[in-house]
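Chemist: Got a sequence here, can you model it:
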Amino acid sequence: MGQEVHISMMMGGLDLVTAPIVMDPGKAIAASNYEPDVNGYTSHGGFERYDGRPSPSSGLDPTEIAALRAAIQKVPGDGPVRGVWVYNGYVYAFRDQLDGSGGMFRAEGAGWIKMSFGYKLQFGSGTAAFVPDEFVLGSTSGASAMINRVVKREGAWSGSAAGFLIVSNVSGTFASPSEVITSGGGGHATGFPTEPVNVLSGGRYDFTNHNFYGAQDRVRMYFCSGTDTAFEWNGSVLVPIYTGVSGSDTTSSLNVTNLLAPIQLPTYPADRPVVALTAGGNYPNVAADGANPTTFANVIMGSTAEAPSFVAHYKNHLMLGYSNGAVLNSSLGEPLEYNTTTGAGEMDFGDKLTGLLSAASTAMVVFAQNRIEYLTGDDASNFTLSALTDSSGAHAYTVQMMDMPMFLDDGGVHKATATDAFGDWRMGSVTQPVEPLVRQKKIDGITPVASLRIKAKDQYKLFWEDGTGITVYVGRKDSETLPFKLPIQVFCSCTGELEFGKGERVFVGGMDGYVYEMNRGTSFDGAPIESYIRLPFNAAKSPVQQTRWQKATFEISTPDPITIGVSFAVDYAKGLGGDAANVNVEAGSTLITSDLWDEVDWAKPVEGRLEYHLAGIGPNIAATLIHSSAVARQHTISSQTYNFSRRGLKR
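Modeler: Numbering: from 1, shown residues only. Predicted structure coming up:
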C-alpha cells in the first residue's frame, strides 16, 4: 500500500479531559515550559534579576554575563517583594524593612534607591488657602517648611477649612499643641506639629496610574496594601489618602481629641446607630450606640480600618476597595478628597473583596470571593452595583483585563463577556480542558498569588505560590493553555512601559526579595530552561487500523541551533517500534519583509526541521519533545508531519 502523509498544526494547548481517540493531534497531553501563541508552541521565555543596572543578557560572554548577574541586588529589606510597579519610566518595589517599617524603592542606574518622604502638617480653622511651592511659617515657634501639597479634607477657607500639608525642608519644630501658621501667599490656619510620612510594613500592594488633573505631565501613581492608607505618588512627593474610614465592625468605642471637622461614627451595618461629632470638641470613649445624630457629617466613615486592599479609577473617581466589602469613590476629579458634598460616596458589597477592574468598556467590575458585580453610572448620584454572578468569585490578584475581564475562580480561569445590551454580561470558562490541574491545586492547598496580561502575545499568565503557573493564549476562538514551572516563587507582578514606544516589559517580585524581569535573556536567571511537551496519540484519522509509521517531521522556528530530545510511543506505548533519540535542529528564522531582504543570511533555512525515521507498527503514535538550554533563544514548534502506510485492521 502506498505511503500517506498526515499534517497537524500545533494548537489547542493542554487537554486533560478529552478522550484520546477523539483528541486533536495538535494538542498536548503533558507539557512544561512551553507557551501557546499564534505560531504554535513556543519554549518559555527566560527571566533575569533586575535593579536598574545593566541586565545580565547584555553581556558579551559568559564571564561578563555572570558578573552582571552578581552585581544585581535584592530590594533592600526582609521578606518578599510586596509590590512591584512601573510608573513614569521607572520600576518601583516595596519590601519590609528590618526596623519594622515599610520601604519604597526605585530602580535606577546604581540599583535600588530608597525613596524619602516629607512630613505631614495638619491644619484646622483655615481662613485663607495655602498653595504649593511656598514656605509655611509657625507664628509662635518660628519653624518653617516648604509646602509640596495641600489637601483640604473638610470645610471652607472661611474659617472651617481642615486638612493637612505635605511639607519638606523643615526647619525648627512647630509648636505643640498648636499655633497659627501662615504663608507668604496669604495662607492662614491653625497648625499642629509635623509628623513624618511613611509606609507601613506587611500586606500586598495594588496599584493604578491615572491622570485626574488634565495636564499631560500629571499622571500619578496610586497604591494601597491592605495594612495602610492609600497613597498618591508623583515621583517625589508621597501623599496619604484619608477617606475618614476608621474603626472596625467590632469597635464599640473610640477616643477623639482635637477634632478639626465634623465626622460621624460608622454607619455600617445599617442598623448601627450614628453618633455625630462636631468640630472643636474632645470626645473620650464615645460609644458607637450613643446619642442620635444631630448633624450629618461630610467625611465618609465606614466599617473597616483606613487600609484599603484594592485601588482603581472609574469615571474620573479614585475607587478604593476594602476587605469587608466597602467600595469608596473619591470626589469627582479629586482623588485625595472623600467628601460627600463634592461627590464622594460609599457602596457596600456584602462580601470580601478580591479585586477592582476599571478597564471594562461599559462598567467597573467588582470582584469578591463568592460573587461578582459591576458598577455603572457617572458619579455618586447614579452609581449602581448590579450582579454579574452570585455563583462565582475571583481569587485575589488573578483579575486581568484582556479584551474582557479574566480571572481565576475555584473552577478555572473564566472570562466575563459584555453582550450587545449595555451593561449585560455572560460568563464562560477558558480553561475547561485543564480543569483537573486547577482542581488539584485547590485540593493541595496551593494558592494563586499573581497574574499578568502579556498584551503583545494575547496571553494571560497565572502564578501559583509553588512556582508553577499557566499561560492562556486568547488570540483564537478557543483559548489554549499550557503550564510552566519556574525555579522561583512569585509574590507579585506587573507590566509597564519604561521607554515610550518600546513596548511593555514584564516584572515579578519574588519571595526571595529579588525583582525579576520576565521574557528576558535565555535562561531562568542563569539556570537552564527545561521544557518538554508530549503530544496526543495520533491515529491519522484511522484509529482501528494497523499502521506502519515511517517518518516524523516537526517544523521548528529557531534562531539558534538546538538539540531536541524526542521519543515516540506506539499504540498507547504497547506497540512495536517506539524510539528515543537526540536530534539536532538547524537554526532557521521566520520570513521578514521584502525591504530587509538584503540583510537575510540566505545560507540559513527559513524553518528549522526535526526529522526522524521510524519503524513503528500500531494504530497510533505519540511524540514527546524535550529541550534544555541556558543559552539558546526561544524556539517554536509549529507542526508535525507523519509519513506512514496502512496495514490491516487491528485485531
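
Chemist: can we go C-alpha only for contacts and neighbour counts from here?
Modeler: Fine.

Chemist: Where does pLDDT dip in the protein?
Modeler: Within the chain, the stretches with pLDDT under 70 are 1, 245-305, 359-362, 418-427, 575-607, 650-651.

Chemist: tell me the domain boundaries of it?
Modeler: The chain is divided into the following domains under automatic domain parsing: 4-45+529-649, 119-196.

Chemist: How are the helices of the protein distributed by residue range?
Modeler: Along the chain, the segments classed as helices by DSSP state H run 62-71, 435-443.

Chemist: mind giving me CSV with the ones you listed and columns for mean neighbour count and distance to residue 495?
Modeler: Formatted as CSV, these follow (neighbours: other Cα atoms under 10 Å; distance: least, Cα to Cα, whole Å):
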stretch, mean neighbour count, distance to residue 495
helix 62-71, 15, 22
helix 435-443, 15, 24
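
Chemist: Could you say which one of the ones you listed comes nearest to residue 209?
Modeler: helix 62-71 (30.5 Å; Cα to Cα).

Chemist: who's in contact with the closest one?
Modeler: 48, 49, 54, 55, 56, 57, 58, 59, 525, 526 (Cα atoms under 8 Å, 6 or more residues apart in numbering).

Chemist: excluding its backbone neighbours, what's nearest the second one?
Modeler: For residue 49, ignoring the flanking residues on the chain, the nearest one in space by Cα to Cα, 6 or more residues apart in numbering is residue 516 at 4.2 Å.

Chemist: Please apply the same query to the first one.
Modeler: In space, residue 48 comes closest to residue 525 once its chain neighbours are excluded; the distance is 4.3 Å by Cα to Cα, 6+ apart.

Chemist: what's the answer for the fourth one, then?
Modeler: The spatial neighbour of residue 55 that comes closest, neighbours along the chain excluded (Cα to Cα, 6+ apart), is residue 68 at 6.6 Å.

Chemist: quick revisit: hang on, the residue nearest to residue 49 packs against residue 494?
Modeler: No. Here residue 516 does not reach residue 494: they are 10.6 Å apart, not a contact under Cα atoms under 8 Å.

Chemist: which neighbours do those two share?
Modeler: With Cα under 8 Å, 6+ apart as the test, residue 516 and residue 494 both reach 507, 508.

Chemist: hmm, back to that, can you get me a residue count around the residue nearest to residue 48?
Modeler: 23 (other Cα atoms under 10 Å).

Chemist: So it versus residue 208, what's the distance?
Modeler: Look at residue 525 and residue 208: by Cα to Cα, to the nearest Å, they are 28 Å apart.

Chemist: can you check residue 164 too?
Modeler: Taken as Cα to Cα, the span from residue 164 to residue 208 is 24 Å.

Chemist: okay, those two: which has more neighbours?
Modeler: More crowded of residue 164 and residue 208, by other Cα under 10 Å: residue 164, with 22 against 19.

Chemist: so what's that one bridging to?
Modeler: Counting by DSSP bridges, residue 164 is bridged to residue 122, residue 151.

Chemist: Surely it touches residue 119?
Modeler: No. Here residue 164 lies out of contact with residue 119, judged by Cα under 8 Å, at a distance of 9.8 Å.

Chemist: what's residue 219 in contact with, if anything?
Modeler: 209, 210, 211, 212, 213, 234.

Chemist: for the stretch 401-550 of the chain, what spans make up the strands?
Modeler: Ranges of strands within the stretch 401-550 of the chain are 405-409, 412-418, 425-429, 448-454, 459-464, 468-473, 480-485, 490-496, 505-510, 515-518, 529-534, 545-557, based on DSSP state E, counting those that start in this stretch.

Chemist: just so I know, which of the ones you listed lies nearest residue 624?
Modeler: Closest among the strands of the stretch 401-550 of the chain, using Cα to Cα: strand 529-534, at 4.2 Å.
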